[in-house]
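>>> pasting the structure only:
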C-alpha cells in the first residue's frame, strides 16, 4: 500500500498573496497569479508552460484557435503572436480567418447588447455574436471577392494552407491582419474545416457558378492538409501546442501524432501543452477534455509539461500574450522558416 503523505508534506507551499503595490506590468500580474488560487493559478501555469515551449530551441509551436476571437476584439493579439515570432503554425476555424479578412478590408465589428432585438437586426442585415455585430451586406462583398479569387485559379485540389496563403496576400495590406501576418512571415495557416465558414460559403458559390458554366471548380483537399501538417511535426524534434477554445483546431493539432504513427513514423508525442477554455471535461466533448485524457490516446508525451485554465479567452489570451512579450520571449527564440514544393515540405529550419 502506498505511503500516505504527512501533514508537513501537504503544507509545504503557502499561498503568496497578490501584492498590487509591486505589480506594475502584465508579466508581474501573471507571475503573481502562480502564487494564488483557482483559475488565476492555472493561467499562471499556462504562461510558464508556454514560456518553456517557446524558449526551447528544438520546439515548433502550434497555435489552435476556436470561437469568436476576431469579432471579440482579439484579432491583433493573435496577429502579434505571429508577427513577434511566438508561434510557428496557425490552425483556426474558418470564422476566425474570415472575420479577419473582413476587417482587413476596412470593415468593422460593433458593440451591441445581448438583449438586442434580433428581428430588427435582421431587417438591417446585421449579424449578432452575443454582444457584437457584423454587417452581413459587407460579408457578401468579401464572399464575392473570395469566389472571384477561386475563379482565377487553376482548377485543381488545394490544401487550406495554399488557399489561405492567397487570402493572406490580399489581407497583408492591413498590418493588423492575422491572415496577412502569416503570409508576410511565411507561417503556414491551416483551416481544416474551411467549408464550415463563410469562406466555405464563398467557395460553394464558386463551385455552383462553375458547375452552371460546365467548367471545373477548384477544391479544398482536407486530406492534403493532413499530409502537409504532418510533415511539419515529423521534421520537428519537439512540438508544443497552445489552444484557445477547442473544437476542430484542438483535435486537428492533437491528432497529428496519431497520423504520423499510422504513417509508420516513431512515436514523438507533443511535449508542451497549454489551453484556455470555458468548456469542461465531464460532458465528453473534445473542447473540454484534459490533456491527461489525451495522453491515453498517445497524443501527448508521458513527461509533457501541461496546463489548462478555465477562463474566457477575451480575458486569458491578452494576459498570456502580454506576459510572453513583456518577458522578452520573442528575443529568446527563432521562428521557424519553411520551404515548400507543392505539398512537400522540403525543409523546416
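Nice, I can see it. Note that the coordinates shown come from a computational prediction; the quantities given were computed from them, not determined experimentally.
>>> what's the helix or strand for residue 61?
In this assignment (DSSP states H and E), residue 61 forms part of strand 59-65.
>>> Please state the offset of that strand from the chain centre?
Its chain's C-alpha centre and that of strand 59-65 lie 7 Å apart, by CA atoms, centre = their mean, to the nearest Å.
>>> Show me what the following helix or strand past it is packed against.
The helix or strand immediately downstream of strand 59-65 is helix 75-83, counting by DSSP H and E. Applying 3 or more CB pairs under 8 Å, 6 or more residues apart in numbering; DSSP states H and E, one finds that helix 75-83 contacts strand 59-65, helix 94-104, helix 178-185, helix 313-326. In this view, the C-beta of every residue, glycine as well, is placed from N, C-alpha and C.
>>> Could you say which one of these comes nearest to residue 136?
helix 94-104 (10.6 Å; CB to CB).
>>> And the contacts of the strand holding residue 61?
Residues from elsewhere that reach strand 59-65 (CB atoms under 8 Å, 6 or more residues apart in numbering): 53-54, 78, 81, 86-93, 96, 232-233, 236-245, 249-250, 252-253, 271-272, 336, 348.
>>> per-residue confidence averaged over that strand?
Per-residue pLDDT values across strand 59-65 average out to 99.
>>> Just checking: what are the partner strands of it?
Here strand 59-65 has these sheet partners by DSSP bridges: strand 89-92 (parallel), strand 238-244 (parallel).
>>> would you list the ones you listed in CSV and tack on mean pLDDT?
CSV is the format used below for the strands paired with strand 59-65 (pLDDT from 0 to 100):
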stretch, mean pLDDT
strand 89-92, 99
strand 238-244, 99
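>>> okay, the ones you listed in JSON lines with distance to residue 276 next?
Shown next, in JSON lines, are the strands paired with strand 59-65 (distance: least, CB to CB, whole Å):
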{"stretch": "strand 89-92", "distance to residue 276": "15"}
{"stretch": "strand 238-244", "distance to residue 276": "6"}
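>>> most tightly surrounded among those strands?
Ranked by average neighbour count under the criterion mean count of other CB atoms under 10 Å, these are headed by strand 89-92 at a mean of 28.
>>> roughly how far out does it sit from the chain middle?
5 Å.
>>> what does stretch 100-109 give?
Mean-position distance between stretch 100-109 and its chain equals 19 Å (CA atoms, centre = their mean).
>>> same deal with stretch 88-102?
Stretch 88-102 sits 8 Å away from the centroid of its parent chain (CA atoms, centre = their mean).
>>> Can you give me the end-to-end span of that stretch?
End-to-end distance of stretch 88-102 (CA to CA, to the nearest Å): 24 Å.
>>> what ranges do the helices span in the stretch 201-349 of the chain?
Here the stretch 201-349 of the chain has its helices, by DSSP state H, counting those that start in this stretch, at 222-234, 247-254, 256-263, 291-295, 313-326.
>>> so can I have CSV of those helices showing mean neighbour count?
Formatted as CSV, the helices of the stretch 201-349 of the chain follow (neighbours: other CB atoms under 10 Å):
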stretch, mean neighbour count
helix 222-234, 19
helix 247-254, 23
helix 256-263, 17
helix 291-295, 17
helix 313-326, 20
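>>> mind putting those in CSV, distance to residue 148 and mean pLDDT included?
Shown next, in CSV, are these (distance: least, CB to CB, whole Å; pLDDT from 0 to 100):
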stretch, distance to residue 148, mean pLDDT
helix 222-234, 23, 99
helix 247-254, 27, 98
helix 256-263, 33, 98
helix 291-295, 41, 97
helix 313-326, 33, 99
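>>> Reformat these as TSV; add distance to residue 213.
As requested, the helices of the stretch 201-349 of the chain are exported to TSV (distance: least, CB to CB, whole Å):
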stretch	distance to residue 213
helix 222-234	25
helix 247-254	32
helix 256-263	37
helix 291-295	46
helix 313-326	42
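>>> wait, which of the ones you listed is closest to residue 8?
Minimum separation from residue 8 across these (CB to CB) falls at helix 291-295, 27.7 Å.
>>> could you say what helices and strands that closest one packs with?
By 3+ CB pairs under 8 Å, 6+ apart, helix 291-295 packs against strand 300-310.
>>> quick one on the thing from earlier: nearest to residue 210, of the helices and strands packed on helix 75-83?
helix 94-104 (20.3 Å).
>>> could you give the angle of the closest one to strand 59-65?
With axes from the mean of the first three to the mean of the last three CA atoms, to 10 degrees applied, the angle from helix 94-104 to strand 59-65 works out at 80 degrees.
>>> coming back round to it: residue 34: which of the strands paired with strand 59-65 is closest?
For residue 34, the closest of the strands paired with strand 59-65 is strand 238-244, at 17.7 Å, according to CB to CB.
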